[in-house]
Structures are given as structure tokens and as C-alpha cells.
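Asks: Predicted model follows, preceded by the sequence.
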Amino acid sequence: MSKNTILVTGGAGYIGSHTVQLLAAKGVKVVVLDNLVYGHSEAITDTSVELVVGSIGDTALLDGLFQKHSFDAVIHFAAYAYVGESVTDPLKYYRNNTAEPLALLEVMHKYGCKNFVFSSTCATYGVPDVIPISESQHQNPINPYGRSKLMLEWVLADCEHAWGLHSVCLRYFNASGCAADGSIGEDHRPETHLIPRVLMALNSEAGPVDVFGTDYPTPDGTCIRDYIHVEDLAEAHVLALDYLANQHTSLRVNLGTGRGISVQEIIDAVEEVTGLKVPLQYAPRRPGDPAQLVADPSLAESTLGWKAKKLDIRETVRSSWAWMTGPRKGRYNA
Ligand code: UDP
């Protein structure tokens with residue numbers, strides 16, 4: 001890709017920081033805008049990256065940034081992503097995930113920046129009719145988080161009609177794993193995701209991991225998800241920038257492996273990788289969890305030339321384990 005200047009919102013977060021690291025390694029000039037509520041400044045390891053601490057809803061701040069830099073594109077990660085919290089505090093999600101990006105889009109429009117890569121989600125599909133899920137399936141999210149993301153997809157389509165914004169909406173399945181070199185990783189507080197929760201259970205102080213539901217209509221009764229390595233996701237963002245630069249059109253694509261893995265299979269993989277027995281307890285189903293979410297990733301391959309490379313779940317687990325047992329012990333600032 002050409003060496004442009006890219007604004008990355010939420011670039012200090014989990015998927016954002018892995019993408020920023022890859023862009024910087026490719027010589028791309030990156031400016032990160034992050035409010036550091038959930039992000040970590042230590043997750044930005046490349047000294048060429050400029051970190052601006054602030055909100056994507058702060059028009060004056062954005063105006064200053066767009067005056068200072070000529071951005072070729074924006075990659076927009078900044079969002080809240082706790083499904084349960086979105087149910088109890090929906091306005092927090094609609095404000096942060098749907099309303100605040102409007103200020104960003106207004107400033108982009110003002111400065112003529114027309115390329116946008118958006119972190120969307122498989123949660124926009126809700127409970128799928130068919131597995132694997134292709135992009136042609138109906139989007140019917142079942143929680144405010146999914147709706148907050150789908151609404152921004154609609155906003156982007158409307159901006160395309162109105163003033164020619166081109167957007168690539170990347171619908172992530174289950175982001176997982178950490179940088180192969182162990183330099184950055186996943187540090188959510190609170191941590192709710194399965195792989196880190198299972199690994200945390202190996203620390204005797206953390207208590208056993210809950211297995212949410214063992215009576216799903218799946219071969220072993222536990223939920224099936226499509227775990228996509230964060231470094232594969234990072235690659236897709238680079239290809240999305242190339243797509244916008246070359247194709248001058250918009251795209252909505254799933255990012256997954258196309259392979260389903262059950263909760264029990266994750267536990268088995270953790271035991272194989274670590275050689276340790278996972279303390280677990282069987283718990284009721286978690287409200288709002290569909291039995292299966294697996295991507296049909298073929299459109300991403302035919303359009304972006306992207307395909308998941310890290311398909312061995314044990315490798316993914318190993319990278320997370322390396323991060324959690326490495327120098328930082330899975331925490332940026334303990
Ligand atoms: N899960 C679980 N115990 C946990 C966390 C998650 O059994 O402590 C299950 C959850 O019910 C789902 C799968 O693991 O079926 C993946 O959940 P996660 O929160 O990682 O991602 P989600 O699919 O909700 O985005």
C-alpha cells in the first residue's frame with residue numbers, strides 16, 4: 001500500500017493496537033485518537049505513531065487534527081463492546097457507538113476525507129437463520145450493542161449517497177489471540193471473553209470459569225463460535241485501506257475463519273497447550289447467546305483478497321497464554 005496518513009480511532013484498544021502495529025511496520029504514518037477509557041497508551045509500541053488522547057465526539061479537537069494532517073482514510077475502532085452492559089445502559093452505547101461518530105463524519109465531510117473503515121460485528125446479524133452466515137443474511141440484532149453498530153452501518157450508507165463517502169464495514173466474528181511476538185495483547189477490564197477467562201481460571205485466585213450452557217443443539221451441547229485471530233483481523237484492515245484507495249466503492253464483509261469451535265473445544269485446547277486442568281463450573285445459558293455463530297468468509301476473500309491464516313486454535317490459545325504469562329502478565333499497567 002502507499003504510504004499515507006491514517007487516523008485510527010480507538011487505536012489503543014485490543015484490535016486497534018494490533019492494526020496500528022501492523023500499519024506502522026508497513027511504514028504508514030498513523031495518528032491514533034483514543035480516550036483511553038478502555039484503551040492503553042502502552043499498547044502503542046511504535047514510536048512513529050502519534051497518540052492524541054481525546055473523544056471522537058469532540059468536534060474542535062477533530063477540526064484541529066484534520067487541519068494539521070491530510071488524512072487519506074479513517075479506521076474507526078473506538079466503541080464500547082460489552083453486550084450485557086449495552087442492555088442495562090443502552091444510552092451509553094447509542095451515544096458512544098452511534099452518536100459520537102457523527103461528529104467524526106461531519107469533520108471528515110468538511111475536510112473532504114472520504115474513506116472509512118468501520119469495526120462492525122457479527123452481532124448485527126442477531127440469531128442467524130443459516131450457518132455459516134453470509135453477508136446477504138438479514139441483519140436483526142438482538143441487543144443495543146448490535147443495534148448501535150448496525151445504525152452506524154446505515155449512517156455510512158446514507159453518507160455515501162449524500163456526499164460520496166466510501167466505507168468498508170468489517171463484521172468481526174470472535175476476535176482472539178495476541179501478537180506473535182508477545183509485545184501487545186488483550187487487556188479488557190472487566191474481561192468477559194472466553195479464551196482469556198479460561199486462561200485466567202488457571203490462576204487459582206481467579207476461581208473456576210463458567211461454561212454458559214451445556215444444552216445447546218450442538219454436538220457437545222456448548223456454544224459454537226468462529227474465533228478469528230487478531231493478527232488476521234489487522235491484515236484485513238490494511239487490505240480494506242487498499243480496497244478503498246483502488247476501488248473507490250463501499251463494501252460490507254464478514255471476517256471469520258468459517259470454522260466453528262465449541263466452548264468445550266476451547267477448554268480442551270487450553271488444557272493441551274498449557275498442560276494444566278481447567279477448573280470449571282457448568283452454569284445456565286448466558287442471555288442473548290445464539291447457539292452458533294460461524295462466518296461465511298468467502299466475500300472477504302473474493303473482494304479484499306483476505307483469508308484467515310491462523311486456523312489452529314491451539315496457536316491462538318498459545319499466543320494468549322504467552323501474553324498472560326509474559327513480562328506484563330496480561331496487563332498493561334497492573
Ligand atoms: N463463554 C463461557 N464462559 C465465559 C465466557 C464466555 O461459556 O466465561 C461462552 C459464551 O457463552 C459464548 C462463547 O463463550 O458462547 C464466546 O463468548 P465471548 O464472550 O468470548 O464472545 P461473544 O461470542 O459473546 O462475542
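Replies: Yep, it's here. Numbering: from 1, shown residues only.

Asks: Can you pull the residues of the chain lying near the ligand?
Replies: By CB under 6 Å from any ligand atom, the residues of the chain that approach the ligand are 174, 192-194, 197, 209-212, 223, 225, 263, 286, 289. (Each C-beta comes from the backbone N, C-alpha and C, glycine too.)

Asks: And these, which of them are buried?
Replies: Buried members of the residues of the chain next to the ligand, scored by 16 or more other CB atoms under 10 Å, are 174, 193-194, 209-212, 223, 225, 263, 289.

Asks: These in strands, which ones?
Replies: Residues of these located in strands (DSSP state E): 174, 209-212, 225.

Asks: Helices of the protein, residue ranges please.
Replies: 14-25, 59-68, 83-88, 90-93, 100-111, 144-163, 194-200, 230-247, 263-274, 298-304, 313-325 (DSSP state H).

Asks: Quick one: neighbours of residue 134, just the number.
Replies: The number of residues packed around residue 134, counting by other CB atoms under 10 Å, is 14.

Asks: Can I get stretch 56-76 in CSV? Just the C-alpha atoms.
Replies: The C-alpha trace of stretch 56-76 is given here as CSV (Å, rounded to 0.1, in the frame of the first residue of the first chain):
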residue,chain,number,x,y,z
ILE,A,56,-14.3,11.1,18.7
GLY,A,57,-17.2,13.4,19.6
ASP,A,58,-15.0,16.4,20.2
THR,A,59,-15.5,18.5,17.0
ALA,A,60,-12.9,21.1,18.0
LEU,A,61,-10.3,18.5,18.6
LEU,A,62,-11.1,16.7,15.4
ASP,A,63,-11.0,20.0,13.5
GLY,A,64,-7.5,20.7,14.8
LEU,A,65,-6.4,17.2,13.8
PHE,A,66,-7.8,17.5,10.2
GLN,A,67,-6.2,20.9,9.9
LYS,A,68,-2.8,19.5,10.9
HIS,A,69,-2.9,16.3,8.9
SER,A,70,-4.1,15.4,5.5
PHE,A,71,-5.8,12.1,6.3
ASP,A,72,-6.3,9.6,3.4
ALA,A,73,-8.7,7.5,5.5
VAL,A,74,-10.1,6.9,9.0
ILE,A,75,-10.2,3.5,10.6
HIS,A,76,-12.8,3.7,13.3
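
Asks: So for that stretch, what gets flagged as buried?
Replies: Going by neighbour count (16+ other CB under 10 Å), the buried part of stretch 56-76 is 56-58, 61-62, 65-66, 69, 71-76.

Asks: Now it: average pLDDT?
Replies: Computed over stretch 56-76, the mean pLDDT rounds to 97.

Asks: Which pLDDT value does the model give the residue nearest to residue 326 when sequence neighbours are not counted?
Replies: Using CB to CB, 6 or more residues apart in numbering and skipping the chain neighbours, the partner closest in space to residue 326 is residue 182 (4.8 Å). As predicted, residue 182 sits at a pLDDT of 86.

Asks: likewise residue 3?
Replies: Residue 3 is assigned 51 on the pLDDT scale.

Asks: and the residue of the stretch 1-150 of the chain found nearest the ligand, what does it touch?
Replies: Residue nearest to the ligand within the stretch 1-150 of the chain: residue 83 (6.2 Å; CB to the nearest ligand atom). Residue 83 sits next to 123, 143, 145-146, 288 when contact means CB atoms under 8 Å, 6 or more residues apart in numbering.

Asks: how does it look with 10 Å?
Replies: Neighbour list for residue 83: 93, 121, 123, 141-146, 192, 286-289 [criterion: CB atoms under 10 Å, 6 or more residues apart in numbering].

Asks: What of residue 270?
Replies: Neighbours of residue 270 in contact, by CB under 10 Å, 6+ apart: 194-195, 198-199, 201-202, 209, 276-278, 313-314, 317-318, 320-321.

Asks: buried ones in the lowest-mean-pLDDT helix or strand in the chain?
Replies: Sorting the helices and strands of the chain by mean pLDDT, DSSP states H and E puts helix 83-88 at the bottom, at a mean of 93. Buried residues in helix 83-88, counted by 16+ other CB under 10 Å: 83, 85-86.
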